[in-house]
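Visitor: Predicted coordinates and the sequence they were generated for:
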Amino acid sequence: MHARRRMRLSRTLVPAVSKRSQTAQKESGDTAGASGAGVAAPAEKVVWIQTTNKQVLTAAVEAGFDTFVFPNEEEEDLQRMKEWSALARIRPRRLLERSVDGQQVFDIVDENERWHGSWSLVDSAEAAEATASMSTGEGHVVMDARDWQIIPAENLVAAFQGSAAVLLAVAQSYDAACAMLGALEVGTDGVVLVTEDPLEVQALSSFLLQRRSAMTSAIPIPAPPSLACARTLLHSSGAIEITSMH
């Protein structure tokens, strides 16, 4: 994120979704470990992936996570986006910088520069308040608090309850992703998992499948296993082997 060449929007972005359709998406869920197509089960969590590792791409696509964030406007990132889009049916997302009341915010756009939401850097109480105010809008709102020791996940989860906007939290590990998805019991609507380890993608997918099964059966949602435990379980099931796309 920090090595990004900062850009300002030079054109009007076209919203990709209406407020009504975004509300419907939030109520019905997004792709999250089941299938890359169609509407997922109720209360499904949204998972986006940010990585430079092609094995992570493979694991994510196999898990049904098809939205990938390419945060830098550098040639290398743009080339990776083009290459991966040719390898698999993915939904690439780029970030274009703008300023809102002095706060650093990025528009989330697709390859055609259609708008899908806002990416907010939360590094202070003021930035957290500004992010909470986005709950009155629409689209996806990504809370990026990776450089702030105090992560206001619970406050933001509360602010976005009943909102048409979809709150995602940046998570730099499987454990952090599980914590965000369980904040204030309800959790964020989803996460942006930043990882170079395909096992973290597999572990998150496995946990979300268990979560869905529990909700369908009306039983308590299980606590997520540690990454070490997930590694053992995935290895014993034979699901840990990854073959990269070429």
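Guide: Perfect, I can see it now.
Visitor: following the least confident helix or strand in the chain by mean pLDDT, which helix or strand comes up?
Guide: Ranked by mean pLDDT, DSSP states H and E, the weakest helix or strand in the chain is helix 19-28, scoring a mean of 44. Remark: after helix 19-28, the chain's next helix or strand is strand 46-50, criterion DSSP states H and E.
Visitor: Now stretch 103-113: buried residues?
Guide: By 16 or more other Cβ atoms under 10 Å, the buried positions in stretch 103-113 come out as 103-109. Any C-beta I mention is one placed from the backbone N, CA and C, and that applies to glycine too.
Visitor: Could you tell me the average pLDDT over it, please?
Guide: Taken as a whole, stretch 103-113 has an average pLDDT of 89.
Visitor: same check, this time on stretch 212-230
Guide: For stretch 212-230, mean pLDDT is 72.
Visitor: elements contacting the helix of greatest length in the chain?
Guide: Of all the elements of type helix in the chain, the one with the most residues (DSSP state H) is helix 198-216. Packing partners of helix 198-216 (3 or more Cβ pairs under 8 Å, 6 or more residues apart in numbering; DSSP states H and E): strand 46-50, helix 54-63, helix 174-181, strand 190-194, helix 227-237.
Visitor: how about a cut-off of 7 Å?
Guide: When contacts are defined as 3 or more Cβ pairs under 7 Å, 6 or more residues apart in numbering; DSSP states H and E, helix 198-216 packs onto helix 54-63, helix 174-181, strand 190-194, helix 227-237.
Visitor: Specify the angle between it and helix 174-181 in degrees.
Guide: Angle, helix 198-216 to helix 174-181, by axes from the mean of the first three to the mean of the last three Cα atoms, to 10 degrees: 30 degrees.
Visitor: Buried residues of helix 198-216, list them for me.
Guide: By neighbour count with 16+ other Cβ under 10 Å, helix 198-216 contains the buried residues 198-208, 210-212.
Visitor: Likewise for stretch 158-166?
Guide: For stretch 158-166, the neighbour count (16+ other Cβ under 10 Å) marks 159-160, 163-166 as buried.
Visitor: C-alpha coordinates for it, CSV please?
Guide: Coordinates of each C-alpha in stretch 158-166 appear next as CSV, following Å, rounded to 0.1, in the frame of the first residue of the first chain:
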residue,chain,number,x,y,z
ALA,A,158,-22.0,-1.6,15.1
ALA,A,159,-22.1,1.5,12.9
PHE,A,160,-22.7,-0.6,9.7
GLN,A,161,-25.5,-2.8,11.2
GLY,A,162,-28.5,-2.3,9.0
SER,A,163,-26.5,-0.4,6.4
ALA,A,164,-26.6,-0.9,2.7
ALA,A,165,-22.8,-0.6,2.6
VAL,A,166,-20.8,-3.8,3.0
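Visitor: Could you look up the SS state of P92?
Guide: Classification of P92 using DSSP: H, G, I helix; E, B strand; the rest coil returns strand.
Visitor: Run a quick neighbour tally on it.
Guide: 18 (other Cβ atoms under 10 Å).
Visitor: likewise G64?
Guide: 18.
Visitor: With M134 instead?
Guide: For M134, using other Cβ under 10 Å, the count is 24.
Visitor: which ones are touching it?
Guide: Going by Cβ atoms under 7 Å, 6 or more residues apart in numbering, M134 touches 118, 120, 141, 165.
Visitor: could those be laid out in JSON lines, adding secondary structure and distance to V47?
Guide: What follows is these, written out as JSON lines (DSSP: H, G, I helix; E, B strand; the rest coil; distance: Cβ to Cβ, whole Å):
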{"residue": "S118", "secondary structure": "strand", "distance to V47": "18"}
{"residue": "S120", "secondary structure": "strand", "distance to V47": "19"}
{"residue": "V141", "secondary structure": "strand", "distance to V47": "16"}
{"residue": "A165", "secondary structure": "coil", "distance to V47": "17"}
